[in-house]
Structures are given as structure tokens and as C-alpha cells.
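In: Quick one: sequence plus predicted model below, questions after.
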Amino acid sequence: MTTTEFLYPSEQDIRALMKRIRGVKVAVFGDFCVDAYWAIDSSFKETSIETGKMIQHIREQRYSPGGAGNVVVNLRALGVEQVETFGVIGPDPFGQKLLKTFEELGVAASGMLVQSREWDTPVYGKPLLDGAETERMDFGAFNALHEETWQRLLNSLEAAGKRLDFLIVNQQLLSGWCNETRAMALSRSIQTNWQGRNLVDTRHFMHLFGGATQKINEYEAASLVGRKLELNDVLGDDESLILAQQAAEHGEGLLFLTRRNRGLMVCHRKEVHPIPGILILGPTDTVGAGDTVTAALAGCLASGIHGVQAACFANLAAAITVQKINQTGTATESELVQAVRQVAYVSHPSLADEVRFAKRVGKTDIEIVETPPQGRIQFALFDHDGTISTLRQGWEKVMEPVMMRAILGNSYEIVESSLFHRVRSRVRDYIEQSTGIQTLIQMDALASMVREFGIVPENGRLDAQGYKDCYIDALMAMINDRVARLQRGELDVSDFILKGAVDFLRALRKNGITLYLASGTDEEDVIREARTLGYAELFNGGIFGAKRGSRVCSKEQVIVTLIEKDERRQGGFWVVGDGPVEIQQARRYGGCAIGVASHEERRFGLSETKRRRLVRAGAHLIVPDFSQWQHLLRQIAQPIFH
């Protein structure tokens, strides 16, 4: 399987991989911590009689393994049947909680040592105020590992090398098991007892594990090569590539460089393979995502799945984890299988963020992001709203208040500003990211946000279809007003069609290209609006939209149907649209993706916001409109026509 193929594995690929992972035997050594979540209820106000200070009332408390402990939990979630732990805990309730959790997970914890003096089980205390994490309270910063404890740990780990398949080393605390002397000793031990069967994840001592397979992030890699990065620094793709090459030169083994939401790089000496980030709609919580990557990489490596394929799998697993808010999440087989059905990758994030790097065709406004597939095409699939029609221009401004009122309910007019702005930010981010998908799926997300914020009582909530009906009612009021103006002659159809669109469609039809129109809008509405604007008959392949109650992507359905009918076998196809969904489907199935970064209010010219998301979605070419359609055809259609 090639790299490109593994970016889009089938459900069968994932199940086969998981079957291999289940049979491995893994040792986890390192900093075992506890993540403690304390949910503060700010509505319960009380002042202490003794101190006169406000009391923070905890409505809910949750505890889960962190650090090396979270790696263990992730291994078990991935189905690894035999996991053994090697670390140190204190004589405190948190340490006992860890051991109890391992027992419930079926994890062998005989390698967990209790140091009775100068050691507290490391705990990350995370108060949550109105769902948002406040300043942490940590335990264990003053720990001191005794030499006798260290020697017992090292000896038990060396013995485990004879019965287990693979070793994971986790180090994230300066006050934990590791210092420079111990890191050097462990590195020597790994070379002797775990050669070629290890993965080291260390924040502070990566320079001492040059012979091991390592997983590091960009900040750690910068430190390794003597460069300083600030916490919020974002490296361009080329900069990350150079950094990865430099970091890989410091060791003999394979190196996996994680890049937050921009994916991974797999490195061996100067050879680097980038794995793109995965597009995620909605909020994310990156806590524990690195542990998910570590567990997934280790499971793959231990079962003989190496390099790029291991990185692709770990990338997919982490994308699941980061969507689990206020928890150190995991990825299971069923979640991975579900994810492969809808995975979408982020392309060229640096180029997307900086329009100054755009490369255009001659003196035109056509941007080349990647060289598009060449050759004669059989069919072209067009999105509708924002790509050809602007009749629904402003739908975002209609959807936003509908979502806001659904989430805030009767509190909409009176809610405090901080909460109002937090909800509005969430809604706007989601709308911006989700353009082009089925409206019903957008309303699924709305229903989820209503539950998450918990402002509207359960008996006042609607299901996704109910919220969709509310939105469609508001949207149709706007559309019907525009249609009425058309009928009265106050406006012309050209006022609602992107510049050059109809001429482009006619040129394609004239040259034998079968045209399809597909939209996330309800099908009857798409057909009616295309007829109203006078170009419905140009789509000789058909007009398709969402069916009531269906969450099936109409655009993907059309592409798959045509491929199954072998229409693509002797030629290619284009997908043309202004949203990420259709661009991702084009890339997934091997078509040429043309992004239309349209400024819908003007009906010509570039929208930089749209350009950014279309580049990230994987568009080969970006056009602001179709005014230069002849140049567009010359760029990608040689030879295209019959």
C-alpha cells in the first residue's frame, strides 16, 4: 500500500491492522501521573464563615491516568491485550487510584514501585470553571527518586525485555524518574535489551537516546538542534522539513516529528515523509493527544507496521482523541473505523495562511496550488451555492442567530457578555469550517452544542431535523424576497450568478463534458433555484441535493456512482466548488479539485477567507470566479476536448 493509499485506508485495512496490534506485548516505562478534573459550579455562591473568602464548590470530580498512564489506557483502547507497567508512585490515594485503574483494565502493574518517602504520585489538578480549565494545581514537583528505587526499576525493565515484544519510554517530568545519568543508563540498557523494539518519548533528554526510535514535537526538535522556539511559534512546511532533517541526523533510529494540528513527519537521516494534519470541525482539546500518538505508533511498530503507515494510523487516532473535551481521551477500533469513512486532510497549511506565497498562471488570477491531473475528462461535478449561484449569499448570517438562539434559549437577551461571546465564537468557527456539508449534519453539531452548554432544559431542545426546519424557515424568507424581486424585474438573474459561470458551463457542454450539479441543500430547492436562474438544463448529468432526513453526502454519492459505472476509467473528472467538502471528495477519489474562492456579495474577485479553507482542503487550483475560464481550460485541459 502506498503512502497516498494509506491516507485513505478502508474499514478492512483498519480492522486488519487492529488485529495485528492486539497480539503484541508492550512494556510502558516512565512518568505515571493522574489527571484530576474538578468541575466548579459557579452558580452555588457561598462565603466561608472562618475566612470570609468565597468557597469553590465542586459539582463533579473525575480522575484518569496521565503521562505514561494515559499511554497505557490508549494501548488498551486500541486492543493491545498484554501491557505491563514500570514506574513509581507515592503512598497516597492517587497512587492507589492508578493501581485500581490498571487492575480494572487488566494491566499488569507488578513493575509499579511505591517509594514511601520523598515521593508523591504526580497529579495534574485541573479546576474547570464553566467548562473552561483554569490554573492547574500540580503534585509531585518536589519528588526525589532514591537510587535503590531506580536500580529496582532498571533491573525489572531489563528482565521484561526477555518476555515482552516492545518498550515505550515516557519522560515528561524533571522531578520524575529521569536525570542525565539515568537517561544515559537507560539508553545503554535499551540498546542491549530492547534493540529495534522501542519508542522513546522524552521532553528533556532526547539527545541521549540517539540509537532509539523517538517521537518528538517541534519544540523538542528545536532544542535538540540548538534552536529556540516560543510556545506559539508556527513553523512553515519548509521550515519543519529542515528541522526534521536536522533532528533526524542526531540519531541512528527512526524519528516521528509531531506538528500539532498539521500532522506528522516520518524521518530517517535526511529522508522525510510528511503526513498532513486532519481537518476537524468544532472544538478540540489536545491534552493527551501525544500519548495517543505514542500508543498508536508503538502498537504498529511492535506488530511490524513501520514508518509512514504507522504515522498515518497514529495521526488518525490522535484526531479522534482531540475531539474529546476536558478529558484525556482514547481512540477505539469502532471510532477508527468510523473515522476512515469521513477523514479529510489539511493541505499546505503555510500557503493557506499566507496569500503572499501564491503562484499564479501568468498575469491571471488563477492560483496553482498543486499541479492538477492532466488529460481528457469525462465529467465535471459542480457545487451550487457560492460556486455558481449567489442566491443564498448570506446564509451564514442567517444560520448564526438560529444557532445562537437554540443554544441560549430564553437567556439570549439577558445572558452575560462573556458567555454570549464564547457561544458566538463557537458558532462562527463551526459555520466557517462546515460550509458545504449537509445542512442536517450542521444541525447535528448544533444539537450537540445545545447539550454541551446545557443552558436550555432537556424538554426545550429539538432534534437535528427540528433545528434544520427553524433554519430553513429563516433562510427561505430571505430567498423568497430575492426571488420576488426577480419576478418584479427589480433584479436580474445576473445579479445572482458568479461572473463567467454560465459561459464556462456552456463551453464544457459544447465539448462533450457531462455536467452534474450537487449540493448540501435540499434537492428540490437546488432544482428550483437552478431553474429560476436559468441554467438547470446545462446539467445533463443531473441535479442532486440532500434528501430529507439523510446525512449521506450527495457530492460523494455522485462521484462514487460514476466511478462504479467506469466513467472515469478512460478519463478524469473535475470537481468545482467553494467549500472544503467537494474539494476533499475530489482528492479522495483522484479527481482535479478546482476551488472557487468567490466573493459572493460582488460576484467576482477573491475571498481570502474562502481561499484559505480551499487551499487547506486540497484544491489543485484556486479561481476567484469564472471570468478567465479560457485560461483555466488552457491550464488543465491539454488534451481535454474530443
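Out: Great, that's in hand. Numbering: from 1, shown residues only.
In: residue ranges of the helices in the stretch 101-250 of the chain, please?
Out: Using DSSP state H, counting those that start in this stretch, the helices found in the stretch 101-250 of the chain span residues 147-160, 180-193, 218-224, 237-248.
In: for the closest residue in space to residue 54 that isn't next to it in sequence, what are its contacts?
Out: Among residues not flanking residue 54 along the chain, residue 47 sits closest, at 6.0 Å (C-beta to C-beta, 6 or more residues apart in numbering). C-betas here are computed from N, CA, C, even on glycine. Contacts for residue 47 were tallied using C-beta atoms under 8 Å, 6 or more residues apart in numbering; they are 53-55.
In: Next, format those as TSV and append pLDDT and distance to residue 274.
Out: As requested, the contacts of residue 47 are exported to TSV (pLDDT from 0 to 100; distance: C-beta to C-beta, whole Å):
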residue	pLDDT	distance to residue 274
53	83	52
54	80	50
55	82	51
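In: so who does the nearest residue to residue 611 once chain neighbours are set aside touch?
Out: Leaving out its chain neighbours, the residue that sits closest to residue 611 by C-beta to C-beta, 6+ apart is residue 597, at 4.0 Å. Applying C-beta under 8 Å, 6+ apart to residue 597 gives the contacts 578, 606-608, 610-611, 614, 622-624.
In: where does the stretch 401-550 of the chain dip in pLDDT?
Out: 550 (pLDDT under 70).
In: any chance you could map the strands in it?
Out: 514-522, 542-546 (DSSP state E, counting those that start in this stretch).
In: can you tell which of these is closest to residue 142?
Out: strand 514-522 (55.9 Å; C-beta to C-beta).
In: Mind listing residues that contact that closest one?
Out: Outside strand 514-522, the residues that reach it (C-beta under 8 Å, 6+ apart) are 378-385, 388, 392, 436-439, 472, 505, 508-509, 526, 530, 538-548, 553-555, 557-558, 562, 567, 581-582.
In: Verify the stated contact: residue 291 with residue 74.
Out: Yes: counting by C-beta atoms under 8 Å, residue 74 is a contact partner of residue 291 at 5.7 Å.
In: So what's the residue count around residue 398?
Out: Neighbour count for residue 398, taken as other C-beta atoms under 10 Å: 19.
In: One more: residue 476?
Out: 14.
In: Got the confidence number for residue 193?
Out: Residue 193 is assigned 94 on the pLDDT scale.
In: that older thread, mind giving me the PyMOL command for buried ones among the contacts of strand 514-522?
Out: Restricted to buried positions by 16 or more other C-beta atoms under 10 Å, the PyMOL selection for those reads:
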select buried, resi 378+379+380+381+382+383+384+385+388+392+436+437+438+439+472+505+508+509+526+530+538+539+541+543+544+545+546+553+554+555+558+562+581+582
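In: Mind checking which of the contacts of strand 514-522 land in helices?
Out: 439, 472, 505, 508-509, 526, 530, 554-555, 557-558, 562, 581-582 (DSSP state H).
In: now, among these, which is nearest to residue 277?
Out: Among the ones in helices among the contacts of strand 514-522, and counting by C-beta to C-beta, the member closest to residue 277 is residue 581, at 17.2 Å.
In: lowest average confidence, helix or strand, in the chain?
Out: One helix or strand of the chain scores below all others by mean pLDDT, DSSP states H and E: helix 3-7, with a mean of 56.
In: helix or strand right after that one?
Out: helix 11-22 (DSSP states H and E).
In: strands paired with the following helix or strand past that following helix, and their directions?
Out: Of the helices and strands lying after helix 11-22 in sequence (DSSP H and E), the nearest is strand 25-30. Strand pairing for strand 25-30, using DSSP bridges, gives strand 82-89 (parallel), strand 166-171 (parallel).
In: got the angle for the last one vs helix 147-160?
Out: Strand 166-171 and helix 147-160 are oriented at 160 degrees to each other (axes from the mean of the first three to the mean of the last three C-alpha atoms, to 10 degrees).
In: switch to numbering from 644
Out: Got it, first residue is 644 now, which makes that one strand 809-814.
In: neighbouring contacts of strand 809-814?
Out: 667-674, 710-711, 714, 800, 803-804, 820-821, 826, 829, 833, 837, 840-848, 852, 855, 934, 937-938, 941, 944-945.
In: Report the contact partners of the spatially closest residue to residue 758 that is not a sequence neighbour.
Out: Leaving aside its chain neighbours, residue 758 sits nearest to residue 792 (5.0 Å; criterion: C-beta to C-beta, 6+ apart). Counting by C-beta under 8 Å, 6+ apart, residue 792 makes contact with 731, 756, 758.
In: Of the residues you listed, which is the most crowded?
Out: residue 731 (24 neighbours).
In: Look up how far residue 993 lies from that residue.
Out: Going from residue 731 to residue 993 by C-beta to C-beta, to the nearest Å gives 42 Å.
In: Against residue 891, how distant is the closest residue to residue 850 other than its chain neighbours?
Out: Ranked by C-beta to C-beta, 6+ apart and with sequence neighbours excluded, the top spatial neighbour of residue 850 is residue 867, at 5.8 Å. Distance, residue 867 to residue 891, by C-beta to C-beta: 10 Å.
In: Residue 886 contacts residue 861, correct?
Out: Yes: between residue 886 and residue 861 there is a contact at 6.5 Å, judged by C-beta under 8 Å.
In: Overlap in contacts, the two.
Out: Taking C-beta under 8 Å, 6+ apart as the contact rule, residue 886 and residue 861 both touch 878, 900.
In: Let's test this: mean pLDDT of stretch 1020-1032, rounded?
Out: Mean predicted lDDT for stretch 1020-1032 stands at 91.
In: Could you give the separation of it from the chain centroid?
Out: Its chain's average C-alpha position is 27 Å from that of stretch 1020-1032, according to C-alpha atoms, centre = their mean, to the nearest Å.
In: For it, measure first residue to last.
Out: 24 Å (C-alpha to C-alpha, to the nearest Å).
In: Low-confidence ranges, this structure, go.
Out: Ranges of the chain meeting pLDDT under 70: 644-649, 924-925, 969, 1193-1197, 1206-1214, 1279-1285.
In: Residue 867 and residue 891: who's more crowded?
Out: Between residue 867 and residue 891, counting by other C-beta under 10 Å, residue 891 is the more crowded of the two (24 against 21).
In: Name all residues that make contact with the more buried one.
Out: Shown in contact with residue 891 (C-beta under 8 Å, 6+ apart): 898, 910-913, 915.
In: burial measure for the nearest residue to residue 691 once chain neighbours are set aside, as a count.
Out: Nearest residue to residue 691, sequence neighbours excluded (C-beta to C-beta, 6+ apart): residue 698, at 5.5 Å. Applying other C-beta under 10 Å, we find 12 residues neighbouring residue 698.
In: for residue 698, what are its contacts?
Out: Residues in contact with residue 698 (C-beta under 8 Å, 6+ apart) are 689-691.
In: quick check, nearest of the contacts of residue 792 to residue 1215?
Out: residue 731 (59.4 Å).
In: Quick check, the closest one in contact with residue 788.
Out: Yes: if you go by C-beta under 8 Å, residue 731 and residue 788 touch, sitting 6.5 Å apart.
In: Common neighbours of the two, please.
Out: By C-beta under 8 Å, 6+ apart, residue 731 and residue 788 have these common neighbours: 758, 762, 819-820.
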